[in-house]
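With the input below, show me the fold.
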Amino acid sequence: MKRFVILMTAICMIMVSCKDEKKSPENNASSPEAKATMEDMLLTPEGNPTSKTLKITPIEHATAVLDWNDITIYIDPVGGANAFKDQKEPDLILITDIHGDHLNVETLQALNTEKAKIIVPQAVADGLPEEFNPQIDVLNNGESKERYGIKIEAVPMYNLREEAKNFHEIGRGNGYILNMGDQRIYFSGDTEDIPEMRALKDIDIAFICMNLPYTMTVESAADAVLEFKPKQVYPYHYRGKPDVSDVAKFKALVEKTDPNIEVIQLDWYPNQDY
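The predicted structure is shown next:
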């Protein structure tokens, strides 16, 4: 009888162990919990972390592609159609300014933009061919519009230094805040650490420029970021003339002072060694 009780106890323990093992996501790759975990850990082809809802692809300098759910957004598309050969066709195109590293008519004409709304400041709209008129939404500083479930806010971008004020005049170009689900994503455009940037609230992801003589120094960019405190910062637009900004220094300045702000470095210059 004693042996029978011991045997039954052992069988019950084995059955419970197997049942618990089947419940565990770590041991069951087909479970919804396990799938969610694995999807959250996927890497983009560039090796950059991606979530289930937002994928960030750097193209070059100021140009990026965002994929959010089923919406594809091009930021300042330049580089010709070949630069976007591996990307989905755009639903939204955001252009920040009139300069050639942000506005390139030839690229827009080479891409299939038939279904896209093109969000621009008035100065950019004035430089686009008439063929794009039906697609254009003009937003100036302080204005907003919702497209595809995304609220797009146009915010100021301009220079403060006397020697640089002619590069980017106040009111001409736009930075943008994209409200995507529960995330607020900020693209600075070409700007210095202006009061409007420092006053930003609840930014989850910030793309921050830093290149002289056109925008701001690494130190100014870091100081502004430390004031408005985004959760994550992507340095971009850091090729200057003649120097390339020290993004490693920017990362060190930010994370040493506020380790809660994560600085993420992507490859914005795939054809260069910096």
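
Report the contact partners of His168.
Going by Cβ atoms under 8 Å, 6 or more residues apart in numbering, His168 touches Asp97, Met157, Tyr158, Asn159, Asp190, Thr191, Tyr214, Thr215. For the C-beta atoms, the positions are set from N, CA and C on the backbone; glycine is no exception.

contacting residues for the residue lying closest to Asp243 once chain neighbours are set aside?
Closest residue to Asp243 apart from its sequence neighbours, by Cβ to Cβ, 6 or more residues apart in numbering: Leu212 at 6.9 Å. Contacts for Leu212 (Cβ under 8 Å, 6+ apart) come out as Gly240, Lys241, Asp243, Ser245.

List only buried entries from these.
The neighbour-count criterion (16 or more other Cβ atoms under 10 Å) marks Ser245 among the contacts of Leu212 as buried.

Can you add secondary structure and give the contacts of Leu212 back as CSV?
Shown next, in CSV, are those (DSSP: H, G, I helix; E, B strand; the rest coil):
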residue, secondary structure
Gly240, coil
Lys241, coil
Asp243, coil
Ser245, coil
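
Show me which pair in the contacts of Leu212 is furthest apart.
Maximum pairwise distance in the contacts of Leu212, criterion Cβ to Cβ, is 11.3 Å, between Lys241 and Ser245.

Quick check: neighbours shared by these two?
Asn211, Leu212.

beta partners of the residue nearest to the spatial centre of the chain?
The centre of the chain sits closest to Ile56, judged by Cα atoms, centre = their mean, with a distance of 5.4 Å. When bridges are called by DSSP bridges, Ile56 pairs up with Leu66.

Same question for Lys145.
Ile152.

quick one: it from Ala83, how far?
Using Cβ to Cβ, to the nearest Å, Lys145 is found at 27 Å from Ala83.

Also Ile93?
From Ile93 to Ala83 the distance is 14 Å (Cβ to Cβ).

can you give me the helices for the stretch 51-200 of the chain?
With helices called from DSSP state H, counting those that start in this stretch, the stretch 51-200 of the chain shows them at 105-110, 122-125, 195-198.

winner for burial among these?
helix 122-125 (a mean of 18; mean count of other Cβ atoms under 10 Å).

so how far is that one from its chain's centroid?
How far helix 122-125 lies from its chain's middle: 23 Å, per Cα atoms, centre = their mean, to the nearest Å.
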